[in-house]
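A.B. asks: sequence and predicted model, in that order:
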Number of protein chains: 2
Amino acid sequence: MAAETRLRNIQAFARESGVTMRALRHYDRMGLLRPRRNRPGGYRLYGREELLRLEQIVVLKSLGLKLSEIRELLKNPGALPLMLSRQRRLLSARREQLDRALRAIAAAEAALRPGRLPAWRLIANIVREIAMQNETNWTEKYYSPQARAAIERRRLEWTPEMQAEVSRQWAELFADIEAALGENPAGARAQALAARWRKLVSAFTGGNREIQKGLNAMHADQANWPAAAQAYRIRPELQAFILKALRCKP
Amino acid sequence: MAAETRLRNIQAFARESGVTMRALRHYDRMGLLRPRRNRPGGYRLYGREELLRLEQIVVLKSLGLKLSEIRELLKNPGALPLMLSRQRRLLSARREQLDRALRAIAAAEAALRPGRLPAWRLIANIVREIAMQNETNWTEKYYSPQARAAIERRRLEWTPEMQAEVSRQWAELFADIEAALGENPAGARAQALAARWRKLVSAFTGGNREIQKGLNAMHADQANWPAAAQAYRIRPELQAFILKALRCKP
DNA sequence: CTTGACCTTGACGTTGCGTCAGGGTGGAGG
DNA sequence: CCTCCACCCTGACGCAACGTCAAGGTCAAG
């Protein structure tokens, strides 16, 4: 019954701890942090002990743990190592996802900046193109295991900036092809486009024949791509044009 | 009224698009993707057009946009650049937060691995120590602007691995001090601990006098730290011991 | 006509609180 | 003693993006 030195009401405690009153009441109800309820009228009273526990809660919450998990962990601290490694894996995965999104945004912004691509559709394609690099599952159909290993190696070598730059170049190339659609595929401009195309392809394949073969097989089979990949497709008229241009000068 | 080539029921469409039926119904109800409802019986029918729109939705969702934002964006594509930059900033912030959490976990795991720190309290302290590096607000009281700028510069130079490593060393040092509490502060072991302490401090300050002065002021004033920072505190007996040891051989 | 696969809407659960709404408590001033 | 005002309490709904039943229509085949 020794009255603790400093027992505070919920408002004062909230101010000092930086946690809102609502959150404190929430933690109370769910059994995560139970203040004392000595006073008549049912007032919550928080002391030093509660402050310490709350700080542990805040730390664990900042690691992305759910409140229920924190509750169990505080009940049984022995589970800490497991929790940590589980959480590390989870956060790593989340971070990868975030990085992909950031790369995609960077690429899309790069493509928008020159003002040459107001076309909504193309933006979606750029974004996809990057996302594609991770969704290797459905490419199994077209790439040999060696080719996929090579792709994976190359992907690891690329920085996000390089990926964004390449995506930007593809976007520009598509825009330019679109603008040149009516021209003669053997003409100078079309041939310049074909050259850019070859350069970008070899940037992706790294000169690897295996990869190039898979890429060709894939493009020849566009119509049969799974629905999820439809948006990666090159529009038929663009494809026809660039194929003609590429065949002019092998 | 020209019947579209391939109109699918919701189940088939869900399979092909990789989006669950529940999600499709959700998108329908909230006006994000409205399928046709020609058939009697009120069946939802999805065609090629819906597939394209759904793909755009999926892409934007993968960028972390909320469904309501996507709806507005598809209504008004001109807002795309703004949305992208807003989203980039948001995701960057979220990534920083994630990195901090990951660093904290790495440090905590490193401290746990040697099996020398079963003490729950110390773990919390490590975690805090790292989090501290960002919460510079309350350090304004102790550090001069120049010192804070220097701290910020040094923080940017550090890789997450370096931060984790330093945190691990602090944790080990605290554990060793704890174990040596009863010994003579002038003895060989205590002096070795003092040396490690000095090395770690100078690793943090980078030899900068300004920072060191602020750090000293801070530690001298431990009792007055704001509540949110209480967990960073060095336990009094540890502090007393290490101070004695440090003073032995200046 | 029945069966079974497929479809519909409705409603509650999840997570961590924000935000009222309606109503008690407690100490100070009149 | 009464009143006032600051402070406290307990619900209860809302949000985001669906998961997960539940109860009940629809459709093609046998």
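C.D. replies: Right, received. Where do you want to start? Quantities reported herein were computed from a predicted structural model and do not represent experimental measurements.
A.B. asks: what bits of chain A have low per-residue confidence?
C.D. replies: A:1-5, A:113-172, A:174-175, A:178, A:203-238, A:249-250 (pLDDT under 70).
A.B. asks: near DNA strand C, which residues of it?
C.D. replies: A:20, A:22-23, A:26, A:39-41, A:61, A:66-68 (Cβ under 7 Å from any atom of the strand). C-beta coordinates here come from the backbone N, C-alpha and C atoms, glycine included.
A.B. asks: would CSV of those with secondary structure be doable?
C.D. replies: As requested, the residues of chain A next to DNA strand C are arranged in CSV below (DSSP: H, G, I helix; E, B strand; the rest coil):
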residue, secondary structure
A:Thr20, coil
A:Arg22, helix
A:Ala23, helix
A:His26, helix
A:Arg39, coil
A:Pro40, coil
A:Gly41, coil
A:Lys61, helix
A:Lys66, coil
A:Leu67, helix
A:Ser68, helix
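A.B. asks: near DNA strand D too, which of those?
C.D. replies: Okay, of those touching DNA strand D (Cβ under 7 Å from any atom of the strand), that's A:Gly41.
A.B. asks: filter the residues of chain A next to DNA strand C to the buried ones?
C.D. replies: A:23, A:61, A:67 (16 or more other Cβ atoms under 10 Å in any protein chain shown).
A.B. asks: which elements pack onto the host helix or strand of A:Arg100?
C.D. replies: Assigned by DSSP states H and E, A:Arg100 belongs to helix A:80-112. Secondary-structure packing of helix A:80-112 (3 or more Cβ pairs under 8 Å, 6 or more residues apart in numbering or on different chains; DSSP states H and E): helix A:67-75, helix A:120-132, helix A:160-180, helix B:48-62, helix B:80-112.
A.B. asks: one step back: closest to A:Asn184 among the buried ones among the residues of chain A next to DNA strand C?
C.D. replies: Minimum distance to A:Asn184 across those is 64.7 Å, recorded for A:Lys61 (Cβ to Cβ).
A.B. asks: residues contacting the closest one?
C.D. replies: Applying Cβ atoms under 8 Å, 6 or more residues apart in numbering or on different chains to A:Lys61 gives the contacts A:67, A:70.
A.B. asks: how much space between A:Ala179 and A:Arg103?
C.D. replies: According to Cβ to Cβ, to the nearest Å, A:Ala179 stands 27 Å off from A:Arg103.
A.B. asks: pull the most distant pair out of the residues of chain A next to DNA strand C.
C.D. replies: A:Pro40 and A:Lys66 (34.8 Å).
A.B. asks: closest to A:Ala110 among the buried ones among the residues of chain A next to DNA strand C?
C.D. replies: Once Cβ to Cβ is applied, the member of those that ends up nearest A:Ala110 is A:Lys61, at 36.4 Å.
A.B. asks: a helix runs through A:Asn184, doesn't it?
C.D. replies: No: counting by three-state DSSP, A:Asn184 is not part of a helix but coil.
A.B. asks: count of neighbours near it?
C.D. replies: By the measure other Cβ atoms under 10 Å in any protein chain shown, the count of residues near A:Asn184 is 13.
A.B. asks: also A:Asp99?
C.D. replies: 14.
A.B. asks: next up, the contacts around A:Thr20.
C.D. replies: A:Ala14.
A.B. asks: roughly how far does it sit from B:Ser17?
C.D. replies: From A:Thr20 to B:Ser17 the distance is 41 Å (Cβ to Cβ).
A.B. asks: check contacts around A:Arg53.
C.D. replies: Neighbours of A:Arg53 in contact, by Cβ under 8 Å, 6+ apart: A:33, A:74.
A.B. asks: thinking again about what came up before, the more surrounded of A:Ala179 and A:Arg103?
C.D. replies: Neighbours of A:Ala179 and A:Arg103, each counted by other Cβ under 10 Å, are more numerous for A:Arg103; the result is 21 against 12.
A.B. asks: quick one: the more buried one from A:Leu84, how far?
C.D. replies: 28 Å.
A.B. asks: quick revisit: tell me the one among the residues of chain A next to DNA strand C nearest to chain B.
C.D. replies: A:Lys61 (10.0 Å; Cβ to the nearest Cβ).
A.B. asks: how is chain A divided into domains?
C.D. replies: Per the record, chain A has its domains at A:10-75, A:93-248, by automatic domain parsing.
A.B. asks: got the residues of chain A near DNA strand D?
C.D. replies: Going by Cβ under 7 Å from any atom of the strand, the residues of chain A near DNA strand D are A:9-12, A:21, A:25, A:41-44.
A.B. asks: now these: which count as buried?
C.D. replies: Of the residues of chain A next to DNA strand D, these count as buried by 16+ other Cβ under 10 Å: A:10, A:44.
A.B. asks: quick one: the helix holding A:Arg100 to helix A:48-62, angle?
C.D. replies: For helix A:80-112 against helix A:48-62, the angle by axes from the mean of the first three to the mean of the last three Cα atoms, to 10 degrees is 50 degrees.
A.B. asks: give the buried residues for helix A:80-112.
C.D. replies: A:80, A:83-84, A:87-88, A:91, A:94-95, A:98, A:100-112.
A.B. asks: equivalent analysis for stretch A:68-78, please.
C.D. replies: So stretch A:68-78, judged by 16+ other Cβ under 10 Å, has buried residues A:69-71, A:73-74.
A.B. asks: in TSV: the residues you listed, plus distance to chain B.
C.D. replies: Formatted as TSV, those follow (distance: Cβ to the nearest Cβ, whole Å):
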residue	distance to chain B
A:Glu69	14
A:Ile70	12
A:Arg71	15
A:Leu73	10
A:Leu74	9
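A.B. asks: among those residues, which one sits closest to A:Ala195?
C.D. replies: A:Glu69 (56.7 Å).
A.B. asks: now the residues of chain A next to DNA strand D in CSV, with secondary structure?
C.D. replies: Formatted as CSV, the residues of chain A next to DNA strand D follow (three-state DSSP):
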residue, secondary structure
A:Asn9, coil
A:Ile10, helix
A:Gln11, helix
A:Ala12, helix
A:Met21, helix
A:Arg25, helix
A:Gly41, coil
A:Gly42, coil
A:Tyr43, coil
A:Arg44, coil
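A.B. asks: and which of the residues of chain A next to DNA strand D is nearest to B:Ile242?
C.D. replies: Checking the residues of chain A next to DNA strand D one by one against B:Ile242 (Cβ to Cβ), the nearest turns out to be A:Ala12, at 33.7 Å.
A.B. asks: can you count the residues close to the spatially closest residue to A:Leu7 that is not a sequence neighbour?
C.D. replies: Nearest non-adjacent residue to A:Leu7, counting by Cβ to Cβ, 6 or more residues apart in numbering or on different chains: A:Leu45, 4.5 Å away. A:Leu45 has 16 neighbouring residues, counting by other Cβ under 10 Å.
A.B. asks: from chain B, how far off is A:Leu45?
C.D. replies: 16 Å (Cβ to the nearest Cβ, to the nearest Å).
A.B. asks: how near is that residue to A:Thr20?
C.D. replies: Taking Cβ to Cβ, one finds A:Leu45 at 18 Å from A:Thr20.
A.B. asks: can you check A:Ala107 too?
C.D. replies: Counting by Cβ to Cβ, the gap from A:Ala107 to A:Thr20 is 39 Å.
A.B. asks: before we move on, what about A:Lys61?
C.D. replies: From A:Lys61 over to A:Thr20 (counting by Cβ to Cβ), the distance is 13 Å.
A.B. asks: so who does A:Ala194 touch?
C.D. replies: Per Cβ under 8 Å, 6+ apart, neighbours of A:Ala194: A:242, A:245-246, A:248-249.
A.B. asks: mind redoing it with 7 Å?
C.D. replies: A:242, A:245-246 (Cβ atoms under 7 Å, 6 or more residues apart in numbering or on different chains).
A.B. asks: now swap in A:Ala188 and tell me
C.D. replies: Counting by Cβ under 7 Å, 6+ apart, A:Ala188 has no contacts.
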